[in-house]
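1. Sequence and predicted structure, then a few things I'm wondering about:
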Amino acid sequence: MFILETLNFVVDILKVPSVLVGLIALIGLVAQKKAFSDVVKGTIKTILGFIVLGGGATVLVGSLNPLGGMFEHAFNIQGIIPNNEAIVSIALEKYGASTALIMAFGMVANIVVARFTRLKYIFLTGHHTFYMACMIGVILTVAGFEGVGLVFTGSLILGLVMAFFPALAQRYMRRITGTDDIAFGHFGTLGYVLSGWIGSLCGKGYRSTEEMNLPKNLSFLRDSSISISLTMMIIYLIMAVSAGREYVEATFSGGQNYLVYAIIMAITFAAGVFIILQGVRLILAEIVPAFTGFSEKLVPNARPALDCPVVYPYAPNAVLIGFLFSFLGGLVGLFLLGQMKLVLILPGVVPHFFTGATAGVFGNATGGRRGAMIGAFANGLLITFLPVLLLPVLGAIGFANTTFSDADFGVIGILLGNLARYLSPMAITGLVVALFALLVAYNVLAKNKKATAEVQENSGAKE
């Protein structure tokens, strides 16, 4: 009992991004033998940056929830809204112990994978690690795994996933940030990579979302806070009018005039984005130098994989464009699901903001404005259809009417769920271990090949 309580305490610490990244910064700064004052300053500033980012996200989500409610009421649509937090909270009642163990050992597995393979990425988005650990734990338990086998296999799968998805996104992160120092750690990666790929196909030659030619009297729109406020004001006012005065004032505004409330919520949304951007800038200034010390000691040449808002400061206009076009993709997806007589997946405003905004930045990096629009639209379709395919897997294990919202959860859940249907627990463990062994072998062979080439080059130079 004491061990489980201790483990839950550790997991509660690790799933809080600010504390997790603060610990990494602390270890890195101590490893570099920095002065005590620098260690304290760097650690606190890193934690502060994540708390500012989290505060901005809370402000933003608080402004988006009424928008979703107005949309559902105005158009009287019934369906499932994918939500990571909702399904995890249900699952933890029965699978809490396995989730905690898989998360704790999965983070160790991530370091092992990064150390011994070419996937040199340390995933630092604690809450997403927690959600993925929960989903893996549930699916494997129902597949017949238990005890040490459950924790070992689940942790190794989680460690591989935590290294693989940042590696998949890194070519686009280099385009976005202009450096190779920061990686991307958020389990919506497939949607963002899809957006970046689409941008490279259809947007070559298109100017960035950040390059706007405006007449002098409209030059104030170059300020992303102003343009976001005005755009969201139009959307909120349309939704408030569509939902009706009585509904908005009774349900959300507490009697405040519904139009005034809509305007305030729109500007609150922009304030949330502004706070997030400030938090990210604070984090980037501290985590990169601190992480160098951490990686030099444990995983040479590793990169920190950070949450999706890390890319927002590089293209603030693409953030808004991505959100709007991803939500549009969700609406089109909803219509198509209705025509196909499938389960209706309602476009959740919060997941479409965070994943759509990120997809917009990725699409913009490779294809400018057109890439941001079409790429984010594709992301909206993807996170509408993947939950439909994931529902049978989750429904079979007792989670009806709820599902995960981000793309990578859908793909990993569908893959694991179907493996569990056709393979024994022993076969699944063997498959995962074999995959890890192949990655290690490839790394060893690549190193040997590089060393041989260097020896030949040096001997040739001497001759």
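-> Now that the structure is in, tell me what you want to look at.

2. For Val440, which residues are in contact?
-> 116-117 (C-beta atoms under 8 Å, 6 or more residues apart in numbering). From N, CA and C alone the C-beta is placed, and that goes for glycine too.

3. Quick check, pLDDT for it.
-> We have a pLDDT of 94 for Val440.

4. One more: Val455?
-> 63.

5. what does the one 3 residues further on give?
-> Taken from the predicted model, the pLDDT recorded for Asn458 is 63.

6. Report the central residue of this structure.
-> Geometric centre of the chain, nearest residue: His186, 2.4 Å, by C-alpha atoms, centre = their mean.

7. Show me where this structure has its strands.
-> 121-123, 183-184, 303-306 (DSSP state E).

8. So for Gly375, which of these sits nearest?
-> Taking C-beta to C-beta, strand 183-184 is the member of the strands of the chain nearest to Gly375, at 14.9 Å.

9. Now do that closest one: everything it contacts.
-> So strand 183-184 is in contact with 121, 165-167, 169-170, 172-173, 192, 303-306, 308, 310-311, going by C-beta under 8 Å, 6+ apart.

10. Which of those has the largest number of neighbours?
-> Taking other C-beta atoms under 10 Å as the neighbour criterion, Tyr192 ranks highest of the contacts of strand 183-184 with 32 neighbours.

11. Do I have it right that that residue meets Arg171?
-> No: with contact defined as C-beta atoms under 8 Å, Tyr192 does not reach Arg171; the gap is 11.4 Å.

12. residues contacting the residue nearest to the centre of the chain?
-> So His186 contacts 125, 128, 192, 307-308, 354, 358, 406 (C-beta under 8 Å, 6+ apart).

13. Now it: closest residue in space that isn't a chain neighbour?
-> Cys308 (4.1 Å; C-beta to C-beta, 6 or more residues apart in numbering).

14. hang on, the one you found packs against Gly360?
-> No: using C-beta under 8 Å as the test, Cys308 is too far from Gly360 to be in contact (11.1 Å).

15. Common neighbours of the two, please.
-> Between them, Cys308 and Gly360 share no contacting residue, judged by C-beta under 8 Å, 6+ apart.

16. nearest to Leu342, of the contacts of strand 183-184?
-> Tyr192 (25.0 Å).

17. The closest one: what's it in contact with?
-> Residues near Tyr192 by C-beta under 8 Å, 6+ apart: 169, 172, 184, 186, 355, 358-359, 362, 379.

18. How much space separates it from Phe165?
-> According to C-beta to C-beta, to the nearest Å, Tyr192 and Phe165 sit 10 Å apart.

19. do Thr46 as well
-> 23 Å.

20. what does Ala437 give?
-> Taken as C-beta to C-beta, the span from Ala437 to Phe165 is 20 Å.

21. what's the answer for His73, then?
-> According to C-beta to C-beta, His73 stands 36 Å off from Phe165.

22. got it, and Leu336?
-> For Leu336, the distance to Phe165 - C-beta to C-beta - is 27 Å.

23. How about Ile264?
-> 37 Å.

24. likewise Ala133?
-> 14 Å.

25. for Ile122, same thing?
-> According to C-beta to C-beta, Ile122 and Phe165 sit 12 Å apart.

26. do Met265 as well
-> In terms of C-beta to C-beta, Met265 sits 33 Å off from Phe165.

27. coming back round to it: turn the strands of the chain into CSV, columns for distance to Gly144.
-> Formatted as CSV, the strands of the chain follow (distance: least, C-beta to C-beta, whole Å):
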stretch, distance to Gly144
strand 121-123, 28
strand 183-184, 34
strand 303-306, 32
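
28. quick one, which of those strands is nearest to Ile81?
-> Across the strands of the chain, Ile81 has its closest neighbour in strand 183-184 (25.3 Å, C-beta to C-beta).

29. What pairs with that closest one, parallel or antiparallel?
-> strand 303-306 (parallel) (DSSP bridges).

30. Show me the helices in the stretch 101-250 of the chain, by range?
-> With DSSP state H, counting those that start in this stretch as the criterion, the stretch 101-250 of the chain has helices at 126-142, 147-177, 189-202, 224-243, 245-251.

31. The longest one relative to helix 126-142, how many degrees between them?
-> Taking axes from the mean of the first three to the mean of the last three C-alpha atoms, to 10 degrees, helix 147-177 and helix 126-142 form an angle of 140 degrees between their directions.

32. Alright, calling it a day.
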